[in-house]
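Novice: Can you look at this prediction? I've put the sequence above it.
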Amino acid sequence: MNALSDINMNEVTRLTRAGRLLEATSMLQRGLCGISSPRRRSDHTDRPDRDRHEAVRSTIDMVRHHAAESAWTARTFGPPTSEPPETLSALPAPELVRSLGPMAKLHAWHGPVPGAVDRRVLEPLPSGASFNTHSIRNAAGTMRYKLYVPSGYKGQPLPLVVMLHGCTQSPDDFAAGTRMNELAEELLFLVAYPEQTKAANASKCWNWFKPSDQQRGRGEPSLIASITRRIMREFSVDPGRVFVAGLSAGGAAAAIMAHEYPDLYKGVCVHSGLACGSAKDVPSAFAAMRSAPKGKVRPSKSAIPTIVFHGSGDKTVSPTNADQVVEQFKSDASTIGNMSHGRSARGMAFTRTVVTNEAGEPLLEQWILHGAGHAWSGGSHRGSYTDPRGPDASREMMRFFLEARQARPSDRQQGSRVRKER
């Protein structure tokens with residue numbers, strides 16, 4: 001029995017849960033003492049030891065990163081932008097090593113390690129409101145979703161917003177972090193949260209990088225569209241005010257939904273995501289996350305009103321992807337929007353670009369969040385992967401959606417003009 005196999009990973013996890021990170025690191029380091037470097041061993045039968053050696057080394061790095069940055073994420077994923085996830089205490093020891101496999105960067109795009117228990121707590125529901133779980137099935141499979149119905153709904157036509165969570169998140173977590181339910185109560189609109197499963201993706205990421213999940217009428221897009229249409233049948237929804245939004249992998253999925261269903265969605269918000277068609281497999285997904293694909297993206301079938309948020313310090317999804325989203329959904333005519341600069345109430349600087357059509361109607365907004373990482377701007381610490389310092393992306397998104405309307409077909413030929421910021 002060598003030193004590697006003597007490492008008690010359960011004890012390492014217990015110490016980490018208790019916040020005794022130096023002791024956990026010390027235990028891991030002691031397990032490595034006296035072990036020769038894997039580079040000196042040529043016998044292929046030693047491969048398991050070499051793999052475990054590297055896994056333990058990576059685990060040490062994760063413990064150190066947790067101590068320094070207060071978030072349980074591999075150091076290569078970029079700096080965290082939220083409070084420590086409330087999931088560490090439920091993390092079993094095998095997850096520490098299993099999460100470090102070759103797919104970890106993609107499957108753990110952001111968020112707590114897969115398998116952790118979500119303990120996010122939503123605010124109590126107002127009297128008369130509901131937030132229930134439903135499911136839908138079609139030829140592509142089954143998908144669950146949660147729907148928030150505000151207390152002020154009395155059968156009148158309301159807007160509908162479809163919110164697509166990021167990797168490892170859940171509808172409850174995403175609702176808590178974005179505060180969309182509270183905003184829906186205030187402004188009166190319905191909010192749907194489709195739920196990705198581990199069966200579909202190990203870390204509950206939307207499969208935005210698979211061609212089968214990038215097409216109308218197939219895969220995940222067909223299920224999300226089916227959820228949208230079902231809500232429109234069962235509730236009084238204004239068909240001219242149906243919108244889709246998402247964060248990270250959910251932002252990439254939202255771009256797909258807007259690109260493939262411009263007849264269904266009248267506006268899209270892509271927060272820290274990628275343009276539709278940015279990747280066709282796992283290798284190209286990694287490449288796109290590092291830097292947006294070179295060359296012109298597939299133009300949208302309609303100049304759908306689009307709002308984009310992206311942190312300039314995002315180390316998970318390169319900010320160059322925000323420009324690709326803008327390129328995908330803007331008018332065919334080459335236009336440059338005037339920029340305004342501002343600072344949020346909590347001190348985050350931002351640059352905002354606004355483009356309108358000939359009628360002065362908003363077509364596009366791009367928000368560059370200076371210094372922000374991979375997190376929902378202006379969100380709540382009650383959910384994961386939020387940055388409360390930033391401008392309120394939820395409120396700005398809804399302001400944009402409610403001001404905008406579907407661009408006329410002639411807009412593509414007429415081009416766009418810029419509305420100067422006040």
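Specialist: Structure's in. What do you need? Numbering: from 1, shown residues only.
Novice: Quick check: residue 133 touching residue 144?
Specialist: Yes: Residue 133 is within contact range of residue 144, at 5.9 Å (criterion: C-beta atoms under 8 Å). All C-beta atoms are positioned from the backbone trio N, CA, C, and that covers glycine.
Novice: In terms of neighbours, single out the busier of these two.
Specialist: The residue with more neighbours, out of residue 133 and residue 144 and counting by other C-beta atoms under 10 Å, is residue 144; that gives 16 against 12.
Novice: what bridges to that one?
Specialist: Applying DSSP bridges to residue 144 gives these bridge partners: residue 135, residue 195.
Novice: Tell me how far it lies from residue 134.
Specialist: Computed with C-beta to C-beta, to the nearest Å, the distance linking residue 144 and residue 134 is 7 Å.
Novice: for residue 246, same thing?
Specialist: 19 Å.
Novice: more neighbours, these two?
Specialist: For residue 246 versus residue 134, the count of surrounding residues by other C-beta under 10 Å is larger for residue 246: 30 against 14.
Novice: Which pLDDT does the model give that one?
Specialist: In this prediction, residue 246 carries a pLDDT score of 98.
Novice: just checking, it touches residue 167?
Specialist: No: using C-beta under 8 Å, residue 246 makes no contact with residue 167, being 11.2 Å away.
Novice: List the contacts of the closest residue to residue 149 other than its chain neighbours.
Specialist: With sequence-adjacent residues excluded and distances taken as C-beta to C-beta, 6 or more residues apart in numbering, residue 149 is closest to residue 130, at 4.7 Å. Residues counted as contacts of residue 130 (C-beta atoms under 8 Å, 6 or more residues apart in numbering) are 147-149.
Novice: Return the residues in contact with the closest residue to residue 386 other than its chain neighbours.
Specialist: Beyond its immediate neighbours in the sequence, the residue positioned closest to residue 386 (C-beta to C-beta, 6+ apart) is residue 379, lying 2.9 Å away. In this structure, residue 379 makes contact with 82, 177-179, 385-388, 393-394, judged by C-beta under 8 Å, 6+ apart.
Novice: I'd like the list of the residues you listed that fall within helices, please.
Specialist: When helices are assigned by DSSP state H, the members of the contacts of residue 379 inside them are 177-178, 393-394.
Novice: Need the three-state assignment for residue 227.
Specialist: Using DSSP: H, G, I helix; E, B strand; the rest coil, the secondary structure recorded for residue 227 is helix.
Novice: now do residue 128
Specialist: Going by three-state DSSP, the secondary structure assigned to residue 128 is coil.
Novice: Phi, psi for the nearest residue to residue 141 once chain neighbours are set aside please.
Specialist: If you skip the residues right next to it in sequence, residue 141 has residue 223 as its closest partner in space, 6.6 Å away by C-beta to C-beta, 6+ apart. Note on residue 223: its backbone torsions stand at phi -70, psi -40 [degrees, to the nearest 10].
Novice: returning to that earlier point: can you tell me how far the residue nearest to residue 386 is from residue 177?
Specialist: 5 Å.
Novice: Overlap in contacts, these two.
Specialist: With contacts taken as C-beta under 8 Å, 6+ apart, residue 379 and residue 177 have 385-386 as neighbours in common.
Novice: Flag the shaky bits of the stretch 51-200 of the chain, pLDDT-wise.
Specialist: Using pLDDT under 70 as the threshold, the predicted model of the stretch 51-200 of the chain has low-confidence ranges 51-122.
Novice: And the helices in it, which stretches?
Specialist: Using DSSP state H, counting those that start in this stretch, the helices assigned to the stretch 51-200 of the chain run over residues 93-98, 104-107, 171-178, 180-187.
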